[in-house]
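Participant: Quick one: sequence and predicted model below, then my questions.
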Amino acid sequence: MSTYSGVQDEDNFLLDKGRSRQVRRRSLRLLGSMIRPVRAKFILTIILVALSQAARVAGPAIIAFGIDHALPALRAGDNLPLVMAGAGYALAAVAVGVLTASYINATARLAQTMLLDLRRRVFRHTQRLSLEFHEKYTSGRIISRQTSDLEALRELLDNGVNSLVSGAMYMTFTAISVFLMDWQTGLLIMLAALPMWFLTRWYQKRSQVAYRASRVASARLIVHFIETMTGIRAVKAFRREKVNASRYEELAEDYRTVTVRSINLNGIFQPGLVLIGNVTVALVLLAGGFRVLDGGLEVGVLLALLLYTKRFFQPVDQMAMFYNSFQSASAALEKVSGLLEEVPSVRAPKNPVALSGAAGHIKFDDVEFHYGDGPVVLPQMSLDIPAGQTIALVGQTGAGKSTLAKLIARFYDVSSGQLTLDGVDLKDLSGTDLRRAVVMVTQEAFLFSGTVAENIALGNPGASQADIEAAATAVGADEFIRALPEGYDTDVNKRGGRVSSGQRQLISFARAFLADPAVLILDEATSSLDIPSERLVQRGLQTLLGNRTALIIAHRLTTVKIADRVLVVHDGKVAEDGTPDELIAGNGRFAALNQAWEDSLV
Amino acid sequence: MPQQQTSLTESIGRLYPHAKPILPRLARGLVCALGASLMALAIPQVLGALVNETLKVDGDGGAVWAAVAVVLVLGALEAVFIALRRQFVIRPATTVENQMRVSLYRHVQDMTVAFHDRWGSGQLLSRAMTDLNLIRRWLAFGMIMLVVVALTILIGITLMLITSWRLGLIFLVASVPIVLYGFRFRTHYRIVSRLSQDQTGDLATTVEESVHGIRVLKAFGRGRQALDSFTEQAEELRATEIRKARSLATVSLIVSMIPELALGLALVVGVLSVADGQLTIGALVSFFATAAVVAAPVESLGPLMAMTLTAKTAIDRHFEVMDETSSITEPEHPRPVKHLSGAVEFDNVHFKFPDTPAAGMDLLNGVGLTLKPGETMALVGITGSGKSTLLQLVARLHDVTGGSIRFDGTDLRQFSTSDIRSHVAVAFEDTTLFSSSVRDNVLLGAGEQGDEALAEALDVAQAHFAYELPDGVDTLIGEEGLSLSGGQRQRIALARAIAAKPKVLVLDDPLSALDVGTEELVTERLRQVLEGTTTLIVAHRSSTVALADRVAVLQHGAINAVGPHAQLLATNEHYRYIITSLDDEETAGQDPDEVLS
């Protein structure tokens, strides 16, 4: 048996037996874990459905009472039974109405509580998963897990409890009545369970595959959709519209095909069940008919038995619908549970070491790093960065500078060796302490929808408007922000569409300024700035960096020169280490780099 | 988001053109649905008749067989009708759903960049998936069942009236409050179902942002805040859904209680009438038998109405997007593009974003600039001066709001956009790579060109690293593939623009993420390649400016000066301010804006 876990092999829908059982169990476990906290509500809903069902049964009984007893009583001059029947019927009517309304409300509450719980779980979990995971798993897939997969679950929760409970109750009561009336017919009905079981097994197997395929197809469709919409500028500029549309059409057709397949399976299953029910009715008639001829059964009893048998199979329709949405939801939960099963490769410590007011002393002790089982990216290295030092990391694209920075920010964990902050292993720090102490600003300055002020406040959610403006002023962003249509309250739109990338970088600088960390990492954070802005930032930087440890990755030597110390990284190793002046005076890579840069200034 | 009030019939009427081809199939489905419910109704009656008429002690065994045969046939018919209804309806309904989905995608793809800035992709996605799903279900199930249910109720009430007009009337009068409440329900449910669908879309947008912005959230440790605001939104959605359920519960209460109360009254009146001799017991029994049959359809009215209203909302949301027209229109008779020389002329170009206040100054306020064929022009200006916007105008990603941009003297709006974009290649600042191989990404705009163009483009962009990726140039990159560093991405994007071999090349600060050494190599190779290609390049650094024949300085929305680097350096204060690096700060102007204005 193959062993897969998490989202691995997610697109495969033709699973072998063991694997299929494994993911199905995982999916049901998730469903169980969602029901457990709402057990009480769940039971209450079931009771409400059962009660409303019981109230419904009372109606015909009261009518029978009215005709059989109240009428003769009335004729005899006693109108009390009629009054009772009328009042009883009205009472039952009110009970049915009120109970129906309450179970609809109760079901919605139950379903929505479970959905909210799962939504939050998925959201929290995806936030927890490390970058390594996100770099492989597309955003479109996560969105599809959060939207269309949850939609499938919602359908089950909305109608499932009701149809299952009322159907099962109805069938049980009818079966009991039949048995009480004539056990042979009762056995005959039970016999019908056999072909039904086979049909259900058949449907179960087929629909499992079909719904799995449908989840995969819908995820593909969503991934493509999201990719097009988020990259719309490039799509247009390179005239991808036609190619994209035909690709989308293909995917949508795939989705349609698998949808039709799953619906058609249900289209055989459901009438199949109805047919089995009707054939059973005919069998009851056959067996009962001959007994009537023999005089072994009264005609009236046979008629009642036949009507009961017909009624017994009535909810089969509903049950088929329930099973259908159950299959669909289980397939969806297989995917969701796979995502939840993913273990973050960067884990929070069980017993975190408290660190308040970090000084910012960073130490690499024989650190080695590789992605997963990949080749070594950073060969063994040791490095000591005293608190308050400003370090510039220099080297060619892909030399390993960003990796070094990401290790300090604990986006990745070191593969071996130890990386400490103020003597505490990064792995032992709580997320809160670590993020308060270490902040990283990347080249890609993502803006969330909301105002400029809100985006800056991300650096410190408790900040006042004055703090926000001060931070913006410090990095030289205040001026352009004030020039925006609504100043700090301007909506940045989707992905900062209206703000230039230089301005975006300034905003993310302000964010970092506001966060006020002990260790600041700037990964190409100034690359899109023009020189005047950079000049402003540079001034801000001098004050910003004053008493904190800073790691700057920059291509521009102007930025490098404000550093206390330069590390030249080459092939994952620190090739040169010294003050800018020392290195320039030497004849290593940095000296050459400096020369090239001086030459580039015309 | 725009939101007009439309009536239920108006909204559903908009489906007509899409549903028209499948109407015959839907009608057949309807007939089958009617047939199935007729069978379901008939079987008990037939059973009663058969048993009572044909079976008696010592009777004929053949009569039993005959009765069994009749029941079997009817039973099989019921199953066949159910199967046929689905068979008739499912495929056509999914086809309509699919067509609407694809046309939504095509439409949205053709909308302007400004449209996409306005609409969150989550909102668009929820329209493409959930809403269309709802519409399909309504077409295939809700609509048909609504008709079946209405007919059943109508027939049932008629039968009841025939049986006893007095009792029937009681039942009929009871429907008045139901109908009245139905109107209230419609108004209320429509509002909450709209709210719920919009909130679902917004939630999807939040999820999308939280995933795309994961690095920032992680870097600042703001997962908690993100979760909190997501929870808040999800709780709002939950509240709306519960409101929706409450609305449905109230209507269900009324729909199930009032007819039953009427029946309770009918029971009393009926028994009294029988006692008076105005009604037979048989009629009373038959009245209640019919009432029992009508009860189920009456109760299903609530959910069916809710489903219809939800479908209406979905239709409205769908057409809201479909009704948006692209402000970038194709000319009716596009000029054929034959041999563009590459001359580009900006003539008094004005531009402002559609939603900026009318009073403010245009972002581009009369740009005048002429690029000679084959010339390389650097565009410099401070952050936010509109450089990137100006570049996007050349590829017609936005339209000018005044003046014109001309290629060889022809306004580019007279060409088809696809022709324009095949002659203009852009490398954006934020590099978008698609989920595909390096090869496909680079050759995206390259037409039929093969490996040679790929090799050259990768070489010019100094993207040789591509060969060392696990599968070389066939390595999957982009969202679903290997993630590359910023510098690597930028070089692939640059290679993509170069490989398109355009007449006009537009580069938005294409070297910002490159280190000095790589930059120098790229610059050198670019200079060779750019010969003969008209190039407009946004530059922040003097090293990039060195590529250019001339430099244009963008300030206050207009071109303030054009000339060779050295000349501008000597004569233009603002240029010095922008381009002079920090080392030479002493020589740079202090406050150029004041000096110049």
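Facilitator: Nice, thanks for sending it over.

Participant: Report the contact partners of the residue nearest to the spatial centre of chain B.
Facilitator: The structure's chain B has its C-alpha centroid closest to residue B:124; by CA atoms, centre = their mean the separation is 2.7 Å. Residue B:124 makes contact with A:225, A:229, B:108, B:201, B:321 under the criterion CB atoms under 8 Å, 6 or more residues apart in numbering or on different chains. Placement of C-beta: from N, CA and C, glycine included.

Participant: got the phi/psi numbers for it?
Facilitator: Per-residue torsions, residue B:124: phi -70, psi -40 (degrees, to the nearest 10).

Participant: what separates it from residue A:233, distance-wise?
Facilitator: For residue B:124, the distance to residue A:233 equals 16 Å [CB to CB, to the nearest Å].

Participant: In strands, which of the contacts of residue B:124 fall?
Facilitator: The members of those all map outside strands under DSSP state E.

Participant: In ChimeraX, select just the buried ones from those.
Facilitator: Buried residues among the contacts of residue B:124 (16 or more other CB atoms under 10 Å in any protein chain shown), as a ChimeraX selection:
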select /A:225,229 /B:108,201,321
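
Participant: Can you classify residue A:453 as helix, strand or coil?
Facilitator: At residue A:453 the chain is in helix, as set by DSSP: H, G, I helix; E, B strand; the rest coil.

Participant: What's the local residue count around the residue nearest to it when sequence neighbours are not counted?
Facilitator: Using CB to CB, 6 or more residues apart in numbering or on different chains and skipping the chain neighbours, the partner closest in space to residue A:453 is residue A:488 (4.1 Å). Neighbours of residue A:488 under the rule other CB atoms under 10 Å in any protein chain shown: 19.

Participant: OK, contacts around residue A:488?
Facilitator: The contact partners of residue A:488, by CB under 8 Å, 6+ apart, come to A:451-453, A:465, A:468-469, A:472, A:481-482.

Participant: if I look at residue B:303, how far off is chain A?
Facilitator: Residue B:303 is 9 Å from chain A, where distance means CB to the nearest CB, to the nearest Å.

Participant: And that residue, which helix or strand is it part of?
Facilitator: If you go by DSSP states H and E, residue B:303 is part of helix B:281-322.

Participant: Give the rounded mean pLDDT of that helix.
Facilitator: Taken as a whole, helix B:281-322 has a mean pLDDT of 88.

Participant: For it, what is the distance to the chain centroid?
Facilitator: Counting by CA atoms, centre = their mean, to the nearest Å, helix B:281-322 is centred 30 Å from the centre of its parent chain.

Participant: The helix or strand that comes right after it close to chain A?
Facilitator: Later in the chain than helix B:281-322, the nearest helix or strand by DSSP H and E is strand B:344-351. No. Residues of strand B:344-351 contacting chain A under CB under 8 Å from any CB of the partner chain: none, with a closest distance of 12.7 Å.

Participant: Name the helix or strand for the residue of the stretch 151-300 of chain A found nearest chain B, please.
Facilitator: For the stretch 151-300 of chain A and chain B, the shortest gap (CB to the nearest CB) falls at residue A:278, measuring 2.5 Å. In this assignment (DSSP H and E), residue A:278 forms part of helix A:241-294.

Participant: per-residue confidence averaged over that helix?
Facilitator: On average, the pLDDT along helix A:241-294 is 92.

Participant: related to what we said a few turns ago, now for the helix holding residue B:303, which elements pack on it?
Facilitator: helix A:39-65, helix B:8-13, helix B:61-110, helix B:132-137, helix B:143-163, helix B:165-212, helix B:223-276 (3 or more CB pairs under 8 Å, 6 or more residues apart in numbering or on different chains; DSSP states H and E).

Participant: of those, which approaches residue A:442 most closely?
Facilitator: The closest of the helices and strands packed on helix B:281-322 to residue A:442 is helix B:165-212. By CB to CB, the value is 12.9 Å.

Participant: what distance separates that closest one from the centre of its chain?
Facilitator: 23 Å.

Participant: now for that helix, which elements pack on it?
Facilitator: Counting by 3+ CB pairs under 8 Å, 6+ apart, helix B:165-212 packs on helix A:80-128, helix A:139-144, helix A:183-230, helix B:121-126, helix B:143-163, helix B:223-276, helix B:281-322.

Participant: With distance to residue A:377 added, can I get those in a markdown table?
Facilitator: Shown next, in a markdown table, are the helices and strands packed on helix B:165-212 (distance: least, CB to CB, whole Å):
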| stretch | distance to residue A:377 |
| --- | --- |
| helix A:80-128 | 23 |
| helix A:139-144 | 24 |
| helix A:183-230 | 28 |
| helix B:121-126 | 33 |
| helix B:143-163 | 60 |
| helix B:223-276 | 26 |
| helix B:281-322 | 45 |
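
Participant: what ranges do the strands span in the stretch 351-500 of chain B?
Facilitator: Using DSSP state E, counting those that start in this stretch, the strands of the stretch 351-500 of chain B run over residues B:364-371, B:376-380, B:402-407, B:410-411, B:424-427, B:436-437, B:476-477.

Participant: what's the burial count for residue B:282?
Facilitator: Applying other CB under 10 Å, we find 10 residues neighbouring residue B:282.

Participant: Give the full set of residues in contact with the residue in the stretch 51-200 of chain B positioned nearest to chain A.
Facilitator: Residue of the stretch 51-200 of chain B nearest chain A, by CB to the nearest CB: residue B:75 (2.5 Å). Applying CB under 8 Å, 6+ apart to residue B:75 gives the contacts A:274-275, A:277-279, A:281-282, B:43.

Participant: Identify, from these, the entry nearest to residue A:551.
Facilitator: Comparing those against residue A:551 with CB to CB places residue A:274 closest, at 70.6 Å.

Participant: close enough to count as contact, that closest one and residue A:314?
Facilitator: No. Residue A:274 is beyond contact range of residue A:314, at 9.4 Å (criterion: CB atoms under 8 Å).

Participant: More neighbours: which of these two?
Facilitator: residue A:274 (26 against 16).

Participant: Who are the contact partners of the closest residue to that one other than its chain neighbours?
Facilitator: Nearest residue to residue A:274, sequence neighbours excluded (CB to CB, 6+ apart): residue B:79, at 4.7 Å. In this structure, residue B:79 makes contact with A:271-272, A:274-275, A:278, judged by CB under 8 Å, 6+ apart.

Participant: Distance to residue A:386 added to those residues, as CSV?
Facilitator: Formatted as CSV, the contacts of residue B:79 follow (distance: CB to CB, whole Å):
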residue, distance to residue A:386
A:271, 78
A:272, 77
A:274, 80
A:275, 82
A:278, 86
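
Participant: Looking at those residues, which two lie furthest apart in space?
Facilitator: A:272 and A:278 (10.9 Å).

Participant: Give the residue from the two that has the larger number of neighbours.
Facilitator: More crowded of residue A:272 and residue A:278, by other CB under 10 Å: residue A:278, with 26 against 23.
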